[in-house]
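Q: Just the structure for this:
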Amino acid sequence: MRKLLTFLHVSVFLFLFGCAAPVALLPVVLPGVIAGAGAGISYTFTNIAYKTLTYPIEEVDRANKDALERMSINAVNRKVKNDNIKIKAETRRLSVYITLESMTPTLTRIKVNAKRLLVFKDKTTAFEIIYQTERSLLGPIPEAPAEKSQERRGG
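A: Residues are numbered from 1 along each chain as shown. Reported below is the predicted structural model:
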């Protein structure tokens, strides 16, 4: 009996740390990754953050422009084709590709792909762009306390 238990322990150890480790851990890790995405923003296996918003594409486009401006991200190219708007934006280190898709007259999907060089993805920046776009849809953004105090001092 003891030999059987030892054999099972060794087999499980080799299985978990061999080539099959990522596949074996997928049912355990995947729910945590999905839950950690936060705020209803999803992240595809192709490394693109996306969220569907209940606003017309024109409003989401305006809110996205406001968000990019507030974040000091420079939009360098904008293409409108059918029910889609594609925006290419840049920071000092990232190339950002944003797609707005009109799903219905009042439903729009925003997809954000923030890349550094050819391979590296910046999921956090992609999430922030979506979050700031959604925040702009809710109305004017109040000024930060630091900005108000500088104005009073004549900053």
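Q: Relative to F127, how far out is E58?
A: Counting by CB to CB, to the nearest Å, the separation of E58 from F127 is 23 Å. Every residue, glycine included, has its C-beta placed from N, CA and C.
Q: Remind me which helix or strand A114 belongs to.
A: strand 107-116 (DSSP states H and E).
Q: Next, the buried residues of that strand.
A: T108, R109, I110, K111, V112, N113, A114, K115 (16 or more other CB atoms under 10 Å).
Q: Sheet-wise, list the partners of it with their directions.
A: strand 49-53 (antiparallel), strand 95-104 (antiparallel), strand 120-121 (antiparallel) (DSSP bridges).
Q: Pull it out as CSV, backbone CA atoms only.
A: Provided in CSV are the C-alpha atoms of strand 107-116 (Å, rounded to 0.1, in the frame of the first residue of the first chain):
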residue,chain,number,x,y,z
LEU,A,107,-24.9,49.2,-28.1
THR,A,108,-21.2,49.7,-28.8
ARG,A,109,-18.2,47.4,-28.2
ILE,A,110,-14.9,49.0,-27.5
LYS,A,111,-11.7,46.9,-28.0
VAL,A,112,-8.3,48.2,-27.0
ASN,A,113,-4.9,46.6,-27.9
ALA,A,114,-2.0,48.4,-26.3
LYS,A,115,1.4,47.0,-27.5
ARG,A,116,5.0,47.7,-26.8
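Q: Not counting its own residues, what contacts it?
A: 47-57, 59-60, 64, 93-103, 121-123, 125-127, 129-130, 133 (CB atoms under 8 Å, 6 or more residues apart in numbering).
Q: what's the answer for stretch 73-91, then?
A: Outside stretch 73-91, the residues touching it (CB under 8 Å, 6+ apart) are 57, 61, 64-65, 68, 72, 95-102, 125, 129.
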